[in-house]
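Asker: okay, structure incoming, though there's no sequence with it:
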C-alpha cells in the first residue's frame, strides 16, 4: 500500500517544486527499495527520489502537484 502527503518546498521563476512524502509497505530488502526509487525517478516530472527502507518511506521532489497518483501507479 502506498499513501502520500505533499509540501511546497521551492518556488522560483514561476516553477513550483514540491516535496512529496510517501508511506510504502511491503518493501523487505534493498532490492525492493532500489526498484521503488528507479521506477519513481522514471516518472516524468520527478526530480529526485530517496527511499528509507527501515522507515518504509520515500521522499520525492516533483514539479507537478498532481504527480502523486502517477508515482503510486508506477510503484504498485
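Answerer: Yes, it's here. All values derive from a computational prediction rather than experimental measurement.

Asker: can you pull out the strands in the chain?
Answerer: Secondary structure of the chain (DSSP state E): strands at 2-12, 15-24, 46-52, 57-62.

Asker: what is the mean pLDDT for the shortest one?
Answerer: Here strand 57-62 scores 90 as its mean pLDDT.

Asker: direction-wise, compare it with strand 46-52 and give the angle.
Answerer: Strand 57-62 and strand 46-52 are oriented at 170 degrees to each other (axes from the mean of the first three to the mean of the last three CA atoms, to 10 degrees).

Asker: tell me, what residue is most central in the chain?
Answerer: residue 60 (3.6 Å; CA atoms, centre = their mean).

Asker: got a list of what that one touches?
Answerer: 19, 20, 22, 40, 46, 47, 48, 49, 50, 71 (CB atoms under 8 Å, 6 or more residues apart in numbering). Heads up, the C-betas are built off the backbone N, CA and C, glycines and all.

Asker: ok, back up a step: ranking the strands of the chain by mean pLDDT, which is last?
Answerer: strand 2-12 (a mean of 56).
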